[in-house]
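A.B. asks: After the sequence you'll find the predicted model.
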Amino acid sequence: MSTPAPTHPAHAIENRHESLADAYVRVRQASVDLIASLSSEDACVQSMPDASPAKWHLAHITWFFETFLLEPLETNFTAYDPAFRELFNSYYNGIGKQFSRPDRGLITRPSLDDVMAYRQAVDARVLALLERRCWRLRCTDHGCAGTPSRTTASRTAVDGYQAFVIAKPA
């Protein structure tokens, strides 16, 4: 008899009809929980050229939401910090330059505290956007899908993280 594989908290369906905002908060918190035991110095370590530091990943996923969700959908969008567009871009050539992956462990600024402030600011803006659009997360045994009032949504994996990708209204 086989034992079921453990489920990561970010992938667990807590409530089959939870709001997309609640799901977003839960998924974003999972990343924070993963780094809870790391010091700011630990979060900067790059173990090998192909593996980016934890601090960079925390900022990169935030950059993803800022770039692909807020920028196209937020009225009067303003970037949190224009320098982050290059610093935390992983491989999206159409967006612009990327900071060299093998050198990401050399990034000392922004600090981990600054990255967490960036996450909090972007998360607040994403949540405001989600609340204005009245999103619901509809789940079945086969997964979840957004049920927005005026746009379409789907869940996808981004750099190993669960992310919600939202298209512009038609």
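C.D. replies: Thanks, I have it.
A.B. asks: confidence score at residue 150?
C.D. replies: Here, the pLDDT recorded for residue 150 equals 37.
A.B. asks: My error: substitute residue 23 in the last question.
C.D. replies: Looking at residue 23, its pLDDT is 86.
A.B. asks: what about it, how many residues close to it?
C.D. replies: Number of residues near residue 23 (other Cβ atoms under 10 Å) recorded here: 24. Where C-beta positions appear, they are placed from N, C-alpha and C, glycine not excepted.
A.B. asks: Pull out the buried residues from the strand or helix carrying it.
C.D. replies: Element membership for residue 23 (DSSP states H and E) is helix 20-34. Judged by neighbour count (16 or more other Cβ atoms under 10 Å), helix 20-34 contains these buried residues: 20-28, 30-31.
A.B. asks: just stretch 109-119 next, same as before
C.D. replies: For stretch 109-119, a neighbour-count test (16+ other Cβ under 10 Å) marks 110, 112, 115-116, 118-119 as buried.
A.B. asks: same question, stretch 42-56
C.D. replies: For stretch 42-56, burial by neighbour count (16+ other Cβ under 10 Å) applies to 43-44, 46, 52-56.
A.B. asks: now do stretch 68-76
C.D. replies: Residues 68-70, 73 are the ones in stretch 68-76 that count as buried (16+ other Cβ under 10 Å).
A.B. asks: which sections of the chain are below the confidence cut-off?
C.D. replies: Judged by pLDDT under 70, the chain has its weakly predicted residues at 1-17, 133-170.
A.B. asks: so where do the strands sit in it?
C.D. replies: Applying DSSP state E to the chain gives strands spanning 137-140, 143-146, 153-158, 161-166.
A.B. asks: Do me a favour and get the end-to-end distance for stretch 96-111?
C.D. replies: End-to-end distance for stretch 96-111: 23 Å, by Cα to Cα, to the nearest Å.
A.B. asks: Give me the residues contacting it.
C.D. replies: 40, 44-46, 49-50, 52-53, 55-56, 59, 81, 85-92, 118 (Cβ atoms under 8 Å, 6 or more residues apart in numbering).
A.B. asks: one more time with 7 Å, if that's ok
C.D. replies: With contacts defined as Cβ atoms under 7 Å, 6 or more residues apart in numbering, stretch 96-111 is touched by 40, 44-46, 49-50, 52-53, 56, 85-87, 89-91, 118.
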